[in-house]
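Novice: please find the sequence and the predicted model below.
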Amino acid sequence: MRSLPIRELLMMVECNRTLEQARRDLAQGLLRSAALLRVPMQRQAWHVHLAGARGDAGLLLDVSTLQPQVFRSLDQAVAVLEQIGFRCDQLRVA
């Protein structure tokens, strides 16, 4: 069995964060971007996916349950991104 190089291992690290942790990490330069992902099998529900500067990535967690936070509209999800400190000037669809 082949072992993965450390760079590939770092790219696979899951790092979920609460709102306060995301704010802190963005201020310290530990977050590089965010994306909104549809909750599987739900048309109008969204998760905030955070990408770290070191290749880590994860979802924004609800602080009371420590489960991925679900937003019922894009407006709610964008508002949280702005609370974290991201600028949201446009929506791009791929």
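Specialist: Structure received.

Novice: tell me, how many neighbours does L60 end up with?
Specialist: A count of neighbours around L60, defined by other CB atoms under 10 Å, yields 24. All C-beta atoms are positioned from the backbone trio N, CA, C, and that covers glycine.

Novice: so how far is V80 from it?
Specialist: In this view, L60 and V80 are 7 Å apart by CB to CB, to the nearest Å.

Novice: can you list residues touching both of those two?
Specialist: Common neighbours of L60 and V80, counting by CB atoms under 8 Å, 6 or more residues apart in numbering, are L19, V48, Q69.

Novice: what sits closest to the last one if chain neighbours are left out?
Specialist: The one in question is Q69. Nearest non-adjacent residue to Q69, counting by CB to CB, 6 or more residues apart in numbering: D62, 4.4 Å away.

Novice: next one: the second one
Specialist: Computed as CB to CB, 6+ apart, the closest residue to V48 that is not its neighbour in sequence is L60, at 3.9 Å.

Novice: circling back to that earlier point, OK, contacts around the residue nearest to Q69?
Specialist: Counting by CB under 8 Å, 6+ apart, D62 has contacts T18, P68, Q69.

Novice: give me that answer again for 10 Å
Specialist: D62 makes contact with T18, L19, P68, Q69, V70 under the criterion CB atoms under 10 Å, 6 or more residues apart in numbering.

Novice: quick one on the thing from earlier: out of the shared contacts of L60 and V80, which comes closest to D89?
Specialist: The shortest gap between D89 and any of those belongs to V48, at 16.8 Å (CB to CB).

Novice: quick one: the longest helix belonging to the chain to chain centroid distance?
Specialist: Taking DSSP state H as the criterion, the chain has its longest helix at helix 74-84. Chain-centre distance of helix 74-84: 11 Å, with CA atoms, centre = their mean, to the nearest Å.
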